[in-house]
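Student: this is the structure alone, sequence omitted:
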């Protein structure tokens with residue numbers, strides 16, 4: 001999802017490191033994210049993938065109606081609402097659109113509000129919303 005370079009300036013020298021943020025989903029309710037930091041991108045990606053394996057979340061959903069109620073989440077200034085809908089409408093942020101497809105939410109539309117494009121707030125807010133999902137059998 002995102003990768004950037006971070007520089008820590010000390011009195012002696014500058015220390016450069018790389019950050020990587022990944023999102024993983026199987027399209028059937030199993031999702032995860034991971035953050036990694038290291039001196040090289042390859043090592044940072046490996047660290048992020050290890051964290052993603054530790055953060056696995058299995059969501060309760062049914063194939064007939066994947067999102068039966070309103071889901072809301074937020075982190076810092078990022079707010080997301082996922083509305084239930086019979087026909088999918090993924091118009092909006094393409095990152096969230098792909099994340100919804102990889103999560104397995106097909107019967108929904110979404111709105112998101114944010115002043116800045118911080119991928120870390122996007123991930124945390126998204127996970128805050130989707131972990132509140134319940135299947136129709138659980139709601140009844």
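Tutor: Good, I have the coordinates. All figures in this text were calculated on a predicted structure; none of them were measured in a lab.
Student: can you tell me which strand in the chain is longest?
Tutor: strand 14-25 (DSSP state E).
Student: quick one: low-confidence parts of this structure?
Tutor: Along the chain, the model assigns pLDDT under 70 to residues 64, 135-140.
Student: now with 80, please.
Tutor: 1, 4, 61-68, 88, 90, 134-140 (pLDDT under 80).
Student: can you pull up the most central residue in it?
Tutor: residue 123 (3.5 Å; C-alpha atoms, centre = their mean).
Student: in a helix, that's where that residue is, yeah?
Tutor: Yes - applying DSSP: H, G, I helix; E, B strand; the rest coil, one finds residue 123 inside a helix.
Student: these two touch, right, it and residue 21?
Tutor: Yes - using C-beta atoms under 8 Å, residue 123 makes contact with residue 21 at a distance of 6.6 Å. (Glycine included, C-beta is placed from N, CA and C.)
Student: parallel or antiparallel, which strands does the longest strand of the chain pair with?
Tutor: Strands that pair with strand 14-25, judged by DSSP bridges, come out as strand 2-9 (antiparallel), strand 30-38 (antiparallel).
Student: now the next helix or strand after the longest one, how far from the centre of its chain.
Tutor: In this case it means strand 30-38. Note on strand 30-38: by DSSP states H and E, the next helix or strand toward the C-terminus is helix 41-54. Helix 41-54 sits 15 Å away from the centroid of its parent chain (C-alpha atoms, centre = their mean, to the nearest Å).
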